[in-house]
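J.: Take this sequence and fold it.
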Amino acid sequence: MKKFILLAVLALALLSFAACNNDTESGADSGTDSGRRTLVMGTSAGFLPFEFIADEGQGVIGQYAGIDVSLVYRIAQELDVDVVIQNQEFVGLIAALQSREIDFIAAGMTIRPDRAENVNFSIPYFTTGQFVVVRQDSNFHSVADLENMIVGVQFGTTADIAITDGQDDGVVTFQEIARHNQPVTAVLDLVSGSVDAVVVDAPVARGFVAQHPDTLRFFYDHTFFGPEQFGLAFHLDDLELLAEFNAVLERLLAEGFVDYLYEYYTDKLGLNE
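T.: Numbering: from 1, shown residues only. Modelled structure (predicted):
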């Protein structure tokens, strides 16, 4: 029964936004005339299933959809605010938040102590880890096997940090760490043979392997990577906004809404392993 109710809520949300998108522009330039407060969400929309550019008329906020986008839309409903999205490279999101170009970040961002020096994180809403995507015909089964290989990562992500730290600490020496602005370009290089492996968050890795089942596979190296938790990020001074989001987020988590969104989008996008 709970899943049916959640499905109905999300379906209504998608339909309402699809209708709105026929009459308004999408993205950060989308103005609203509802009289409500408008918040700008910063994201990097190349991170399926968390944020991506949807097919025409299928966006949840503007032209964007995904777990983070639908979660924020539901929170915005509860808080009676409007949200527009500013899409940019992941590495610049925290700087954009600090300079007040955006009001908060929803971008599959891992909660880390170094980041928490510059932003306030919400309560965690998703637990994941780093997977290594490789070609089916490779003999790689651990990060140690990637000695002297070319490894692709998305610039500024925890994958980038983990791989760089591993090399700096002498755990493994890579021929090159190939940094990309979007994970999809790294995976395309993997398919073409330009890189030997790509490190991304587990749900994203599963999605890429589902898209290339005859070419790619993934593995998890528990000796190299640990668990990670995603959080929404807010300006250090915006404690009231953080508290508003946390109050709704805590209840949605208790209701299983994020779990439902993960199931919904992985099924909708055909990203199941």
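J.: Could you look up the SS state of the residue most central in space within the chain?
T.: Most central in the chain under C-alpha atoms, centre = their mean is Gly108, positioned 3.1 Å from the mean C-alpha point. Under the three-state scheme (DSSP: H, G, I helix; E, B strand; the rest coil), Gly108 adopts coil.
J.: start the count at 319, not 1, going forward
T.: With 319 as the first residue, the last one maps to Gly426.
J.: check contacts around it.
T.: Counting by C-beta atoms under 8 Å, 6 or more residues apart in numbering, Gly426 makes contact with Phe365, Phe368, Glu369, Asp386, Phe444, Asp519, Val522, Phe548. Just so you know, the C-beta spots here come from the backbone N, C-alpha and C atoms, and that holds for glycine as well.
J.: Let's see the pLDDT reported for the second one.
T.: Meaning Phe368. For Phe368, the pLDDT comes out at 97.
J.: Over to the first one?
T.: We note a pLDDT of 93 for Phe365 in this prediction.
J.: Not counting residues beside it along the chain, what's closest to it?
T.: Nearest in space to Phe365, with sequence neighbours left out and distances taken as C-beta to C-beta, 6 or more residues apart in numbering, is Gly426 at 5.1 Å.
J.: returning to that earlier point: list the ones among the contacts of Gly426 that fall in helices.
T.: When DSSP state H is applied, the contacts of Gly426 are split such that Asp386, Val522 fall in helices.
J.: Closest one to Tyr578 out of the contacts of Gly426, please.
T.: For these, the residue nearest Tyr578 by C-beta to C-beta is Phe444; the value is 12.3 Å.
J.: what are the bridge partners for that closest one, then?
T.: The residues listed as beta-bridge partners of Phe444 by DSSP bridges are Phe548.
J.: Can you pull the domain assignment for this structure?
T.: Taking automatic domain parsing as the reference, the chain has its domains at 320-444+546-586, 448-537.
J.: mean pLDDT for those domains: which is lowest?
T.: Of all the domains of the chain, the segment with the smallest mean pLDDT is domain 320-444+546-586, scoring a mean of 87.
J.: Work out the gap between that domain and the centre of the chain.
T.: Taking C-alpha atoms, centre = their mean, to the nearest Å, one finds the center of domain 320-444+546-586 at 10 Å from the center of the full chain.
J.: How about stretch 508-528?
T.: Chain-centre distance of stretch 508-528: 15 Å, with C-alpha atoms, centre = their mean.
J.: how about that stretch: buried residues?
T.: Of all the residues in stretch 508-528, those buried under the rule 16 or more other C-beta atoms under 10 Å are 508-509, 513-527.
J.: count of neighbours near the residue nearest to Val399 when sequence neighbours are not counted?
T.: Excluding the flanking residues, the one nearest Val399 by C-beta to C-beta, 6+ apart is Arg355, at 4.7 Å. Number of residues near Arg355 (other C-beta atoms under 10 Å) recorded here: 14.
J.: Can you report phi and psi for Arg355?
T.: Dihedral pair for Arg355: phi -60, psi 140, per degrees, to the nearest 10.
J.: list the helices and strands the helix or strand in which Thr482 is found packs on?
T.: In this assignment (DSSP states H and E), Thr482 forms part of helix 476-486. Counting contacts by 3 or more C-beta pairs under 8 Å, 6 or more residues apart in numbering; DSSP states H and E, the secondary-structure elements packed against helix 476-486 are strand 448-453, strand 468-472, strand 494-498, strand 515-519.
J.: So which bits of that helix are buried?
T.: Neighbour-count burial for helix 476-486, with 16+ other C-beta under 10 Å as criterion, is recorded at Thr476, Ala477, Asp478, Ile479, Ala480, Ile481, Gly484.
J.: now what about stretch 452-463, what contacts it?
T.: Residues outside stretch 452-463 that contact it (C-beta under 8 Å, 6+ apart) are 450, 464, 467, 484, 489-490, 508-509, 511, 514-516, 532-537, 539, 541-542.
J.: ok, back up a step: out of the contacts of Gly426, who has the most neighbours?
T.: When neighbours are counted as other C-beta under 10 Å, the busiest of the contacts of Gly426 turns out to be Asp386, with 31 neighbours.
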